[in-house]
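Asker: Here is a sequence together with a model predicted from it:
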Amino acid sequence: MEEVISCVLKFIRDNTVSLGKKAIFIFCFIIILVCINEYTGFIYYYPLNKEVEIIKNIEEAKEKAKDNPKLIEYLNDQEEKVVNRTYLHEKIWTSLKSIEFSELTNGITTYQSRSLIWHILTSTTILIAIGLVLVYIIIVFPFMNVSQKWITWFGSVIFLIPIIILIWLVQFLWALIPIIFYPWVNYSVQLSSQVIIILLINRFFQKNKKRLNIPET
């Protein structure tokens, strides 16, 4: 696993590879990770197994502490916290789902008749990709033997917060645009804008290779 991660990081850090190729690689890599997660259910089952393990340990501790009411009360309180704990990705998804699909006061249709999932995915593709890379670093880096891993990990945690805020803000702004004939037209326009942004960034770096000290490919 560490060898795969090292190869990915080496490819991303390689200055001889163009930004466009890196973007395509990262996008494909993220898609593969999503598919693997869908098949294995890692994001769901890993924390679930941890919760079951903690609850099992608490129940065993309660059996041994039957004659200690204060300890039993404390263990019950901790067990309730474990059971009712809500993870960050669940809070984010709940917040997004709470957005009302309604109309503005001037009658322009906003979220109405749109798929929330497709709307968010197509309007914030780049930000989601960056966010997934940061989440991947946060999860994997503590188990890797790489230099400055904790600085990278901490930086990823800090940087993830504004990315999440930007995802919500950008999808909200795109939702203010009325539905153009059909929702899929809006999705296409939103996704096209992401592609254009990537191409413009790539063109900027290609034109400024010498000034930015990027080796020619």
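Answerer: Thanks, I have the structure now.

Asker: Wait, P183 touches T122, no?
Answerer: No: the criterion here is CB atoms under 8 Å, and P183 misses it with T122 at 10.0 Å. Every C-beta, even on glycine, is put in place using the N, C-alpha and C of the backbone.

Asker: Those two - which one has more neighbours?
Answerer: Neighbours were counted for P183 and for T122 using other CB atoms under 10 Å; T122 has more, 22 against 16.

Asker: tell me the phi and psi of that one?
Answerer: Backbone torsions for T122, taken as degrees, to the nearest 10, come to phi -80, psi -20.

Asker: so it touches Q194, yeah?
Answerer: Yes: T122 is within contact range of Q194, at 7.5 Å (criterion: CB under 8 Å).

Asker: Quick one: low-confidence residue ranges for this protein.
Answerer: Regions of the chain meeting the criterion pLDDT under 70 cover residues 1-6, 8-9, 12-15, 17-24, 26-27, 88-113, 141-148, 209-217.

Asker: got the residue ranges for the helices in it?
Answerer: Applying DSSP state H to the chain gives helices spanning 2-13, 19-40, 42-64, 69-84, 88-97, 116-123, 125-140, 149-175, 183-207.

Asker: mind listing what the residue lying closest to P183 once chain neighbours are set aside touches?
Answerer: Take P183 and drop its neighbours on the chain: the residue closest to it by CB to CB, 6 or more residues apart in numbering is R114, 4.8 Å away. With contact set as CB atoms under 8 Å, 6 or more residues apart in numbering, R114 has these partners: 101, 175, 179, 183, 186.

Asker: And those residues, which of them are buried?
Answerer: Among these, the ones that count as buried by 16 or more other CB atoms under 10 Å are 175, 179, 183, 186.

Asker: Show me which pair in the residues you listed is furthest apart.
Answerer: Farthest-apart pair in those is A175 and P183; separation 11.1 Å (CB to CB).

Asker: who touches both of those two?
Answerer: 114, 119.

Asker: rewinding a little: among the buried ones among the contacts of R114, which one lies nearest to I164?
Answerer: Using CB to CB, these come closest to I164 at A175, 16.9 Å.

Asker: Wait, that closest one touches L116, no?
Answerer: No: with contact defined as CB under 8 Å, A175 does not reach L116; the gap is 9.6 Å.

Asker: ok so, going back, for the buried ones among the contacts of R114, which one is nearest E38?
Answerer: Set against E38, the nearest of these by CB to CB is P183 (23.9 Å).
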